[in-house]
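Engineer: Structure for this input, please:
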Amino acid sequence: MYHRFEENKYPTTNIKTNDFKKQIELIKDAKLEFIGVDQLLKILVDKEPYANKNILLTIDDAFESFYKNAWPILKDKKIPFILFVSTREVNAKHPNYMTWDQVREIHQSKIGTIGGHSFSHEYLVDFTKDDIIKDIQKSHDDYIKELGSVPKIFSYPFGEYSNEIKKIVVDFGYKLAFGQHSGVIHQNEDMFELPRFPINEAYGKIDRFNFLLNTSPLPHKFYKPEEKLLSSNNPPNIEIEFLMNVKNINCFSNEGDQWGPSEVAFLDDNWIRIILKKKFESRRGKFNCTMQLSDGSWGWFGRQFVINN
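Structural biologist: Numbers count the residues shown, from 1 in each chain. Below is the predicted model:
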């Protein structure tokens, strides 16, 4: 997941263009295949079998720096990607965002796919149900007016969602939705809680990027809590039943507003409870569980909560 390109005053959401070029070459050197939305839908919705690990690039927000610095690279190499567009700033002709002409260029290229990202890019979990519906509908009105169609894939602004927001996104006809929690997608995944690895100046360095290329999913069949919007249930009671033995798993979280290891209790060889001893203090609580697999890759499972204070 990318946001800005060569906007160096925003290091937490920026990647340097030369680093992006190196990352593209690392993916190619690893013999991994870039896929687009059509292939993703076949794998996840139609459950078509696939033999090898695939890479899907996603870019959030439609910043002008993407169009200027990354789009020429992707266009030249014909690398597919999803560009998630929040429409309010594009409508307003904000200088830091792409124009509708530029968005249309990508839409018509058949290289990039436009994804839904709401109208306002506000904290939708703070909205009433009616206001969430109005916000997404306004973006749909813009997509139809400017592009002639509505996207099939959604990205939650800030990666924040609740069960209510997920249902609204489903009711709008989206096929898949992405959060901003780290992990590798697999076919048993909740199609409206898809993970992505964030790539920025800190988390896009070559050593870490190489590590991410060597990650694999940790498939699961049960997870709780289903609701990711926390209020009185902070810290949450987290349980995960995996589809494999996970006796060597380690989990980390930002409980107490500090990243570190969290206690893991085993209910079975494939079933864990993460025991959080402190509340999530910041707006977003996250945890990641990792384990080295028999093929040498690192299995990864993560989730993000939103804290309603």
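Engineer: So I199 sits against R4, correct?
Structural biologist: No - I199 is not in contact with R4 according to CB atoms under 8 Å; the separation is 10.8 Å. For every residue, glycine as well, the C-beta is placed using N, CA and C.
Engineer: Now the common contact residues for the two.
Structural biologist: I15 (CB atoms under 8 Å, 6 or more residues apart in numbering).
Engineer: how much space between Y2 and E201?
Structural biologist: Relative to E201, Y2 is positioned 11 Å away (CB to CB, to the nearest Å).
Engineer: Report the set of residues contacting both of these two.
Structural biologist: With CB under 8 Å, 6+ apart as the test, Y2 and E201 both reach I15.
Engineer: Neighbour count for those two, which is higher?
Structural biologist: More neighbours surround Y2 than the other of Y2 and E201, with 24 against 16 (other CB atoms under 10 Å).
Engineer: pLDDT score for that one?
Structural biologist: The model reports Y2 with a pLDDT of 97.
Engineer: any idea what sits nearest it, other than its immediate chain neighbours?
Structural biologist: I59 (4.8 Å; CB to CB, 6 or more residues apart in numbering).
Engineer: Can you give me the distance of that neighbour to N91?
Structural biologist: For I59, the distance to N91 - CB to CB - is 19 Å.
Engineer: Please say which of those two ends up with more neighbours.
Structural biologist: I59 (26 against 16).
Engineer: Show the subsequent helix or strand relative to the top helix by length along the chain.
Structural biologist: Counting residues, the longest helix found in the chain (DSSP state H) is helix 129-147. On the C-terminal side of helix 129-147, the closest following helix or strand by DSSP states H and E is strand 153-155.
Engineer: what comes up buried for the helix or strand following that following strand?
Structural biologist: Proceeding N to C from strand 153-155, the next assigned helix or strand is helix 163-171, under DSSP H and E. Across helix 163-171, burial judged by 16 or more other CB atoms under 10 Å covers 164-166, 168-169.
Engineer: closest to M244 among the residues you listed?
Structural biologist: For those, the closest approach to M244 (CB to CB) belongs to K166, at 26.4 Å.
Engineer: thinking the residue nearest to Y2 is in contact with F66, fair?
Structural biologist: Yes - in this structure, I59 is within contact of F66 by CB under 8 Å, at 5.4 Å.
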